[in-house]
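Asks: Just need the structure, nothing else, for what follows:
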Amino acid sequence: MSKLIRVVQGRNLVREIRLDALLGKYFDRIEKAHGTVEIQDPELENKLTADELKRLYAKFPYLNPERPLPPKPSTEPVAFRENVMPIKEVRDDIYGGNQDDVKPLKAFELLTNEEIVEWLTANEIPFDKRKKKNTEYLIQIITEQNGN
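Replies: I've put the predicted structure just below:
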């Protein structure tokens with residue numbers, strides 16, 4: 001008579017499967033039928049002989065209490081980048097001439113409509129949600145709020 005091993009299959013299906021089925025060549029059919037097999041039998045060492053345990057540990061290495069553990073992570077502090085990148089100067093060729101003659105592009109004008117809508121709702125600024133696709137309307141709401 002084969003010994004029954006308590007397993008959890010899939011999400012939470014608790015079953016007992018015969019040891020020879022777990023170690024046999026048709027084990028992939030068991031996993032295919034019910035999902036991944038995870039052995040959770042607290043009396044495993046009491047039920048099985050040393051040879052059976054060795055074969056089970058070969059098939060399911062996570063059960064082996066004597067398996068080599070992964071190395072511990074380094075306790076050294078993480079070095080962050082100390083050199084801060086300087087802010088790039090605004091180039092004249094972007095504006096097509098002198099910067100003083102052209103109104104500079106504001107940060108919110110670079111955002112997408114969805115980002116502007118998220119910003120408006122996060123700051124509890126009232127706006128017509130039916131016009132959330134209208135970029136000019138959204139920019140107008142922001143400029144009115146900022147007093148520009």
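Asks: quick one: the strands in this protein?
Replies: Along the chain, the stretches classed as strands by DSSP state E are 4-9, 13-18, 37-39.
Asks: same question for the shortest one, mean pLDDT?
Replies: To tie it back to what came earlier, the one meant is strand 37-39. For strand 37-39, mean pLDDT is 84.
Asks: Name the residues of that strand that are buried.
Replies: Buried positions in strand 37-39, judged by neighbour count with 16 or more other CB atoms under 10 Å: Val37, Ile39. For the C-beta atoms, the positions are set from N, CA and C on the backbone; glycine is no exception.
Asks: Is Leu23 in contact with Lys54, as I believe?
Replies: No: with contact defined as CB atoms under 8 Å, Leu23 does not count as touching Lys54 (10.8 Å).
Asks: Run through the residues that contact Glu31.
Replies: Counting by CB atoms under 8 Å, 6 or more residues apart in numbering, Glu31 makes contact with Gln9, Val37.
Asks: can you rerun that using 10 Å?
Replies: The contact partners of Glu31, taken as CB atoms under 10 Å, 6 or more residues apart in numbering, are Gln9, Gly10, Val37.
Asks: Just the pLDDT at Asp51, thanks.
Replies: Note on Asp51: pLDDT of 90.
Asks: What separation do you get for it and Ala58?
Replies: 11 Å (CB to CB, to the nearest Å).
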